[in-house]
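**Student:** When you get a sec, could you give me coordinates for this:
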Amino acid sequence: MNAPVKMTRSYLAVPAHRSRFVTNAASSNADAVFLDLEDAVPLLEKPSALNACVEALQNVDWGGKHVAVRVNSVDSTFIQSELERLVECDRLDAVIIPKAEKDREIAKIGEICAARRRSGSRPIGLELLIETALGVANVDNLAVAHEHIQALHFGVGDFAASIGARSTTVGVSPGGYQNISVDQNVVLTPIDLFAYPMMRILVAARSRALRAIDGPHGDFSNLDACYLNARKAASMGYDGKQVIHPSQISPTHQAFRPADDELTQAKRIVDAMKEAESRGLGATTVDGKMIDAVNIKLAQRLLAFSGQ
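**Tutor:** Presented below is the predicted three-dimensional model:
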């Protein structure tokens, strides 16, 4: 089990075979980038995409970014050769495994990566993409399938498809999914289709000190909606969100950065607890409210997302 070591508010997805997109991603403001060998790559271009991916990992300047590669699914004919090539790339931080559903399959991939990585090199992290009904149902077992698992991602689009939801935009609840209240008038209240799977994934991640990453907002032309979607994930406690276009990076970072009044209050709480501890106290009050160790944890997390 690995504790998170980098801030990964934004995970920019980029097709591995599109070299211009890859170099642009490397120079972007995204905290993390994942080179995609799966859905974004046509079947006939899979081998050339792998070559381009390895070349990019070896030759592109990624700075301090967290760099991952999404391989093809465990039942594909490509994953074995992908893992064999990728484990030789020192700059690779993690492998993202799509459609993670069975813990024994994840354990096998983890052992392949661990066995093939050169002795003395840092381990390759495993990040699981939970994007099917079976994956959500098994998420607790998946989270503990291998010691090198670092993060759980929510594959929001594929999950909606797997349950048969009538969604038209990736990451947005269907318009017809509403609660109906009837008094003198009919009142319709929208319901979040993804609240349940997001919480299941978040709890599984936190139970093992893993990062939790939300899936993308599909309409990259609507940056206001992108911001609000990311704000929901940040408010729940997620560590970051996948983005599918560079324009989504800034609003995503903005969503994960606490508001100024939140930061001011967090600093007051931390300072008040330090003063209380200096007097041998385990709790104190701020604005008439008791604060203790739990409040400190919440405050420190807010400050961490502001870079303070």
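**Student:** switch to C-alpha atoms for all contacts and neighbour counts from now on
**Tutor:** Noted.
**Student:** Which pLDDT does the model give the residue lying farthest from the centre of the chain?
**Tutor:** Distance from the centre of the chain peaks at Q184, with 43.9 Å (C-alpha atoms, centre = their mean). We have a pLDDT of 78 for Q184.
**Student:** Please tell me how far it sits from A133.
**Tutor:** In this view, Q184 and A133 are 38 Å apart by C-alpha to C-alpha, to the nearest Å.
**Student:** Repeat that for A165.
**Tutor:** 12 Å.
**Student:** Please say which of the two ends up with more neighbours.
**Tutor:** Comparing A165 with A133 by other C-alpha atoms under 10 Å, the one with more neighbours is A133, at 18 against 14.
**Student:** Tell me who's in contact with the more buried one.
**Tutor:** By C-alpha atoms under 8 Å, 6 or more residues apart in numbering, A133 lies in contact with 159, 162-163.
**Student:** For the nearest residue to P174 once chain neighbours are set aside, give me its contacts.
**Tutor:** In space, and not counting its chain neighbours, P174 is closest to S167: 4.7 Å by C-alpha to C-alpha, 6 or more residues apart in numbering. For S167, the contacting residues are 160, 173-175, by C-alpha under 8 Å, 6+ apart.
**Student:** Also K99?
**Tutor:** Here K99 is in contact with 73, 128-132, 135 (criterion: C-alpha under 8 Å, 6+ apart).
**Student:** Now tabulate these in CSV and tack on secondary structure and distance to G64.
**Tutor:** Output for the contacts of K99, formatted as CSV (DSSP: H, G, I helix; E, B strand; the rest coil; distance: C-alpha to C-alpha, whole Å):
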residue, secondary structure, distance to G64
S73, coil, 28
L128, strand, 22
L129, strand, 23
I130, strand, 26
E131, coil, 28
T132, coil, 32
G135, helix, 31
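**Student:** now for the longest helix seen in the chain, which elements pack on it?
**Tutor:** Longest helix of the chain, by residue count under DSSP state H: helix 260-278. Contacts defined by 3 or more C-alpha pairs under 8 Å, 6 or more residues apart in numbering; DSSP states H and E place helix 260-278 against strand 284-286, helix 293-305.
**Student:** Out of these, which gets nearest to Q242?
**Tutor:** helix 293-305 (16.6 Å; C-alpha to C-alpha).
**Student:** So which residue is smack in the middle of the chain?
**Tutor:** Note: the chain centre (C-alpha atoms, centre = their mean) maps to I213, 1.7 Å.
**Student:** For that residue, give me its contacts.
**Tutor:** Counting by C-alpha under 8 Å, 6+ apart, I213 has contacts 151-154, 238-242.
**Student:** Kindly recompute the last result at 10 Å.
**Tutor:** Shown in contact with I213 (C-alpha atoms under 10 Å, 6 or more residues apart in numbering): 8-11, 127-129, 151-155, 198, 201-202, 205, 233-234, 237-242.
**Student:** How about L37?
**Tutor:** 14-17, 43, 45-50, 53, 69-73, 78-79, 82.
**Student:** Take these and keep only those in helices.
**Tutor:** 46-50, 53, 79, 82.
**Student:** May I see those organised as JSON lines, with neighbour count added?
**Tutor:** Shown next, in JSON lines, are the ones in helices among the contacts of L37 (neighbours: other C-alpha atoms under 10 Å):
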{"residue": "K46", "neighbour count": "19"}
{"residue": "P47", "neighbour count": "16"}
{"residue": "S48", "neighbour count": "13"}
{"residue": "A49", "neighbour count": "23"}
{"residue": "L50", "neighbour count": "24"}
{"residue": "C53", "neighbour count": "25"}
{"residue": "I79", "neighbour count": "19"}
{"residue": "E82", "neighbour count": "21"}
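**Student:** for the stretch 101-250 of the chain, what spans make up the helices?
**Tutor:** Applying DSSP state H, counting those that start in this stretch to the stretch 101-250 of the chain gives helices spanning 103-116, 133-137, 139-143, 156-163, 195-207, 223-236, 249-256.
**Student:** Quick check: pLDDT value at N138.
**Tutor:** Reported pLDDT for N138: 98.
**Student:** who touches it in this structure?
**Tutor:** N138 touches 100-103, 130, 132, 200-201, 204, counting by C-alpha under 10 Å, 6+ apart.
**Student:** Show the buried residues in those.
**Tutor:** 100-103, 130, 132, 201, 204 (16 or more other C-alpha atoms under 10 Å).
**Student:** In a markdown table: the residues you listed, plus distance to Q254 and pLDDT.
**Tutor:** Shown next, in a markdown table, are the buried ones among the contacts of N138 (distance: C-alpha to C-alpha, whole Å; pLDDT from 0 to 100):
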| residue | distance to Q254 | pLDDT |
| --- | --- | --- |
| A100 | 30 | 98 |
| E101 | 33 | 98 |
| K102 | 35 | 97 |
| D103 | 35 | 97 |
| I130 | 25 | 98 |
| T132 | 29 | 97 |
| I201 | 23 | 98 |
| A204 | 26 | 98 |
